[in-house]
Every structure is written in C-alpha cells, then in structure tokens.
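>>> show me how the following folds:
(one chain, ligands or ions: 1)
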Amino acid sequence: MEPSDDSGLNAKLDAIIASINTLRLEQAQLASVVDATNGRVNALQGVQQAQNGITQDVSQPGWRNAPQSPQLDPHGHPSRDNISSIDGYGRDTTLSNSPPPPRKGSTTTSKIILTSYPGQAGVDPLQMSWGESEPQKRGPVVASRNPSTIKRRNAIGAHGGSYSIYYALAVASHQLDTDHKPDFTNTEPAANIGPFKAWGDPKKIVAMDPYGHLAPWLFKDLITNEGVDIRPTIAITRAHMKIPELEESVRKGRLVPDGKICLNATGELNVTKFAVEPTWYLPGVAARFGISEGELRRSLFENTGGSYPELITRNDIKLFLPPIGGLTVYCFGDPAKMSDPNVKLALRVHDECNGSDVFGSDICTCRPYLIFGIEEAVKEAQQGGSGVVIYFRKEGRALGEVTKYLVYNARKRSSDKASEYFQRTENIAGVKDMRFQALMPDILHWLGIQKIDRMLSMSNMKHDAIVEQGIPIVERVPIPDEMIPEDSRVEIDAKIHAGYFTMGKTMTMEELGNVHGRAWDDVDH
Ligand SMILES: [Zn+2]
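Below is the predicted model of the structure:
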C-alpha cells in the first residue's frame, strides 16, 4: 500500500473514532437527561398520588405503578410538558443547569429573633394537622429560620438531625448565609412509594414525615408565592454496593448473580436507598411511651441543656425535629414489592455499631448479622419477593461509643462473663439499652409493609415493637452459628439469656458464668 493511502485510511479511522466518541458523549448526556426526567416524573407522580389521597386499596396490584418512562418528543428527547422543577426562590429551573444563586452578605441581624410566644406579633405558623391524609390540608413541616420563614414555622428544632449543629457552626463562622435557599433541581425521588393508609393515621406514624420526600414539590405554591423555605426530610436514590463478604457468598454458591439484583461474580448489588431524618409529632411520641406530652416536652427541654425553649413555651407547635441520627432503608429488588402482601418479605432492622459494621471489630455479631441480613434480603428479592435492610443510627444501643468503650474496658479488666454482660452497661449508663424500639416500626408503616415473612433479627425488643404495631412476623431467623465470632459469644449468649430469639438452647445464669470473652492481654500484644 502507498504511504498516501495509509494516511488517507488513518484520517478516515480518526474521523470514525471521533464520531463514535461524539455519539457516546451524546448518549451519556441523553441518559442523564432521561434519568433527571425520570426523577421529575417520580416527583410528579408522587405528588399526584399523594394529592389523590389514600383512598386506593394497596392490595390492588399496579395502582402505584403508572408508567415511569418519560415521554420522548419526535427527536427522542424527553418531553418537557408538565415536567417542572423549582428552586428555593420559586424559580423554574426546568432542565437547566443554572448556577446556584450568588452569595450575598450575611444577613445576621444584631437582634436574636425569639419565637417563644404564641401571641407574639407576626408569629403565624403554617397549618399542621398531623395525620390528615390530604397533604394540602395537613400542611408542610416548616422549621427553617430563614428570614422569610421564621414566623411561619410549625416545627421546633432544625433540619439535618444531629448535623443541625454543623449548620449552626457554618453560620457562626460566616461560611453560610442564613438566607441561602436550596436549589432542588434534579433531586426528585429515584423511586415512587405510597401513599399508604398509615400516612394518614396520626397514631401509626409519629416519628417521621410521611410526605417528607415530596415536600418541595407538594408545597411548591407556598415556596413560590410566599417564599416559605420548605425542605425534604426524606431522600430516595439508587446505587450499586460492593461488600467483600458477598464475593465469597457468590464463590460458595450461596448467592447467584442474576445481572439485576446481584450484578456479577464480585457480589455487586443494585439497591434503592431511602434516607430519613426524624420528625416527631410530640403527642404521638408521648403516647408510644405511655407518658404525657408535657412530661416529654419538659424532659426534652431540660435534658438538652434548655436548647429548645419552644418545647415549653409553644404548646401550639406539635412537631419537633430532634438533633439525633436518622435511618436508611436499603431495598433490594422492586421497591413496590415491599408493600405487596402477595409476595414474601425478608427484613433486617439493624442498629448502628460502627466498630463492627465498618471497622470489623470481633467483639460483637453486628457486622456478620448485617451481612447475613443483606444476603438473605437479596435472595428473597431474587425469588420474586422483597428484601429490606433498615439501618438505624443508634450507636452502641443509643448510648454512644464513649459509653460503649467504657463498658468494654470494664468487661475486659475483669472476667468478661456473659452473665455480667448487661450489668456492666447498667453500672455505667444507668440502663441496659436506650434504643427504645417503640418508634422504630414507623418506617415499616411508611413503606407499606403489612407483614414480615422472615425477620432477620433475634431481638425480642424489635420483635415486640413491630408486633405491637399490628405487623405480624411469620418466621424469625437467627444468625447462623458459624457466623458468630469467637469473642462475641459473651454478647450473643447474654442476649439470648435476656430474651433474644434462638432456635438453640437458652443458657442458665450458671452456664453463662462460664462463657468468657478474650482477656485483654490477648488483645494487647
Ligand atoms: Zn456491635
């Protein structure tokens, strides 16, 4: 071949490669537009369904499953008809990549604005009828202290759970303007959920806002016309997750990749995730604990160093956004199946244990049980059912890591016996456990869960709380013995003795005295 032919061919190849690259780029761009549009369609559908009310029978299949794919125009682009998005200023930001609003000078005034008295001039909280099934009649949860919103607040506390303190720090250090309003473009839920009957029941959901995932879209008019700062307390996204143990599960044949839920031989999973920040309806929370609302308000006020005076002064405000951690739902398979009574549901409710869950400590069964829960949830979803893991931020039985480590020390510095396991915690914290599962079942009601076929937990407290809320549990599945680390026998045997579910033997106090953990010396070298 002549050199000139070669260069001609090369030029042609280059041109072909360039057009393939352009096509790839365009395809990626189109995919992201379709994805963004899907989000908006989800939000619109959610809003529509919420506004239609909770009149539909959830057992009728398909009513929540209107087509999700966006309408394409003749050019193959998603139609923009009826698909809109708003930012915190009420501006339409439909399919735009507009930059966030420019920073302005801090608007902190020299006066501290108190909203401590119901009759105070200008204080005019937005309507909040908790448990009302029509979202417009119920009203949005409003907690922002934005200047345009402060007089309209109907919730005590602040958004972000425990992170609200970092918000305060960001403002104090002049890094965040208090008049910043969020731009919610493209943040719509990645999956649809509900509405379910429980969303309109003031007794069934008392610790989260059932409309929290749709707030900015449901109450768009209030944001646009009255400048009210309304924020979501729930966000729904989709992701892949990779856990080293699951690669082994595939290798050993316990988990079989299907390309949909378990994607490949590394055990990579497809998951829909729901993050929830707590929103407490104080009368409902008090009722769950069998105490008066006044007692609850007083304790919350006094035992947070008087941080929320409105708990005492504003009896007219019934909502409180507590400065505590929230929860995350990991749903495997089609989220619509969680509420389908005709398919099986496997569920693990897991309370955070950072040392084991993330860092692999072998003193407890937390990570092994979590992995077992995920594996079983995935299997259930692959068999046409639904698999769900709910992760609560309640570190160390909601006592925190400092208390937990103090307990570890006390255990390891004496004979670490299962018979003394709970007493050690009680000596230090005054209680065995502060997780109080009474509020936990709210998330199950919100997800539309009507029964649990396989409960991947041995906790009697979780079991009782769920059953008390009218959700039957068919089968309880303990952690397999071979997954229990040697040093964590102390924990698991003590828990079984205290009432945790087991299919094996419950030891006597005397036998528990013979279950020892590893002494500290073993750990030290
Ligand atoms: Zn643990």
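>>> just say helix, strand or coil for residue 466.
Per DSSP: H, G, I helix; E, B strand; the rest coil, the secondary structure class of residue 466 is helix.
>>> and residue 273, its phi and psi?
Per-residue torsions, residue 273: phi -120, psi 140 (degrees, to the nearest 10).
>>> for it, name its beta-bridge partners.
In this entry, residue 273 is beta-bridged to residue 237, residue 330, by DSSP bridges.
>>> send me the helix or strand containing residue 301 as CSV with only the CA atoms.
Taking DSSP states H and E as the definition, one finds residue 301 inside helix 293-302. Presented in CSV, the C-alpha positions along helix 293-302 are these (Å, rounded to 0.1, in the frame of the first residue of the first chain):
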residue,chain,number,x,y,z
GLU,A,293,-46.9,15.2,76.2
GLY,A,294,-46.0,17.7,78.9
GLU,A,295,-43.7,15.2,80.5
LEU,A,296,-42.0,14.5,77.2
ARG,A,297,-41.6,18.2,76.4
ARG,A,298,-40.1,19.0,79.8
SER,A,299,-37.6,16.2,79.6
LEU,A,300,-36.5,17.1,76.1
PHE,A,301,-36.1,20.7,77.1
GLU,A,302,-34.2,20.1,80.4
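>>> any buried residues in that helix, and which?
Neighbour counts over helix 293-302 (16 or more other CB atoms under 10 Å) mark 293, 296, 297, 300, 301 as buried. Every C-beta, even on glycine, is put in place using the N, C-alpha and C of the backbone.
>>> ok now the very next helix or strand once past that helix, how far from the chain's centre?
Next helix or strand after helix 293-302 toward the C-terminus (DSSP H and E): helix 310-313. Centroid displacement of helix 310-313 relative to its chain, using CA atoms, centre = their mean, to the nearest Å, is 28 Å.
>>> buried residues in helix 310-313?
Quick answer for helix 310-313 (16+ other CB under 10 Å): 310, 311, 313.
>>> sec struct for the closest residue to the first one other than its chain neighbours, please.
With CB to CB, 6 or more residues apart in numbering as the criterion, residue 310 has its nearest non-adjacent residue at 4.5 Å, and that residue is residue 156. In terms of secondary structure, residue 156 is strand; the call rests on three-state DSSP.
>>> quick one: contacts for residue 156?
Neighbouring residues of residue 156 by CB atoms under 8 Å, 6 or more residues apart in numbering: 143, 308, 310, 311, 314, 317, 319, 320, 321.
>>> now the strands for the stretch 151-300 of the chain?
All strands of the stretch 151-300 of the chain, identified by DSSP state E, counting those that start in this stretch, fall at 155-157, 234-241, 269-276, 280-281.
>>> which residues of this protein lie near the ion?
Neighbours of the ion within the chain, by CB under 5 Å from the ion: 353, 356, 364, 366.
>>> so which strand or helix has the second one?
Just to be clear, that refers to residue 356. For residue 356, the element it lies in under DSSP H and E is helix 354-357.
>>> which elements pack onto that helix?
helix 366-382, helix 401-412 (3 or more CB pairs under 8 Å, 6 or more residues apart in numbering; DSSP states H and E).
>>> quick one: residue 435 and residue 395 touch, right?
No: assessed by CB atoms under 8 Å, residue 435 is found out of contact with residue 395, at 9.9 Å.
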